[in-house]
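>>> Sequence plus predicted model, see below.
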Amino acid sequence: MPDDFLTEAVLESTRDLDRRSTREVLDAIHTEDRYAVEAIGEVLPEVERAVDVLVLVLQGGGTWFNVGAGTSGRVGVLDASEIPPTFGYPPERVQGVMAGGMAALVQAVEGAEDQASDARRALRDRELMPGDAVVAISASGRTPFALGALEVARTVGARRIAVTCDPNSPLAQAAEVAISPKVGPEVIAGSTRMKGGLAQKMVLHLLSTATMVKLGCVSGNLMSNLRPASDKLRDRAVRIIMELGDLDHGTSLELLRECNDDVGEATRRAKALQGSE
């Protein structure tokens, strides 16, 4: 199959998938998933370039938009939504834009991916600016919604990053930085929610985690700016304050309360207390 149909190729080794035992089906999927991990290793230089772009955008006050349809859109929204609680970063600074709107997160909206104009409208509604960045996500690199996002980004002068499984796709060609892990054909032909979706999720958490680290949102490898919105996270916050400030549990808990659950402020005070002793 030609390169321009990479994500629709048929995997020869699983043509008899429907005649295999449950364990054999699982083994086949697991074996192919490993290729996604290997493919990510091949594109780390491009991921690094994209992180540098995103750090500059956020340092400059810009907004980062993950844009996609179907599985690609869902993983983009997922990763954006995890940034505020994990790193204490304002939710308006990293946003997910989903073809078909937020309702499409839980139920497929057929045909939404085909509307490039909807992506342009969505980003204009969110006041896309020259200092922003658009990360367009599409396994095939041909989804009109994702292509429309890069088109409007180019028009306004925003930064353009593509995440796709086809390095020769229109999406890759339209981006300043194209991250294109070549995962190969899917176990079920064309089902890019599998290796393609896995690879895209891996790229996105590489981008978001490395960017937040470079912006100083962690201390060592600890979530020193997390938002303790649950009992589990509050307990984690106290343990972080204990470790970074060399304080006991009770003192750390009281310090967190005094700072109105602002873990970043509490850790700064804890370090100051440690330094004054």
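Right, received. Where do you want to start?

>>> Compute the distance between the most centrally placed residue in the chain and residue 135, please.
The chain has residue 204 as the residue nearest its centroid, 2.9 Å off, counting by Cα atoms, centre = their mean. Residue 204 is 8 Å from residue 135, where distance means Cβ to Cβ, to the nearest Å. (Each C-beta comes from the backbone N, C-alpha and C, glycine too.)

>>> Which neighbours do the two have in common?
Jointly contacting residue 204 and residue 135 under the rule Cβ atoms under 8 Å, 6 or more residues apart in numbering are 66, 76, 163.

>>> What is the nearest of those residues to residue 139?
Of all the shared contacts of residue 204 and residue 135, residue 163 has the smallest distance to residue 139: 8.8 Å, by Cβ to Cβ.

>>> Quick check, the residue nearest to the centre of the chain in contact with residue 67.
No - Residue 204 is beyond contact range of residue 67, at 11.8 Å (criterion: Cβ atoms under 8 Å).

>>> got any residues that touch both of these two?
Taking Cβ under 8 Å, 6+ apart as the criterion, residue 204 and residue 67 both touch 76, 135, 137.

>>> hang on, the earlier thing: figure out the helix or strand that the residue nearest to the centre of the chain lives in.
helix 195-214 (DSSP states H and E).

>>> Also residue 80?
Secondary structure from DSSP H and E places residue 80 in helix 70-87.

>>> okay, the angle between the next helix or strand after that helix and helix 70-87?
Elements were assigned by DSSP H and E; along the chain past helix 70-87, the next helix or strand is strand 94-98. Here strand 94-98 points in a direction 160 degrees away from that of helix 70-87 (axes from the mean of the first three to the mean of the last three Cα atoms, to 10 degrees).

>>> List of residues touching whichever helix or strand comes after strand 94-98?
Counting by DSSP H and E, the next helix or strand C-terminal to strand 94-98 is helix 116-125. For helix 116-125, contacts defined as Cβ under 8 Å, 6+ apart pick out 65, 67, 97, 99, 112, 134, 144-149, 151-153.

>>> what residue ranges in this structure score low on pLDDT?
1-4, 274-277 (pLDDT under 70).

>>> who touches the residue nearest to the centre of the chain in this structure?
Counting by Cβ under 8 Å, 6+ apart, the residues that residue 204 touches are 66, 75-76, 79, 135, 137, 163.

>>> at 6 Å instead, please
Counting by Cβ atoms under 6 Å, 6 or more residues apart in numbering, residue 204 touches 75, 79.
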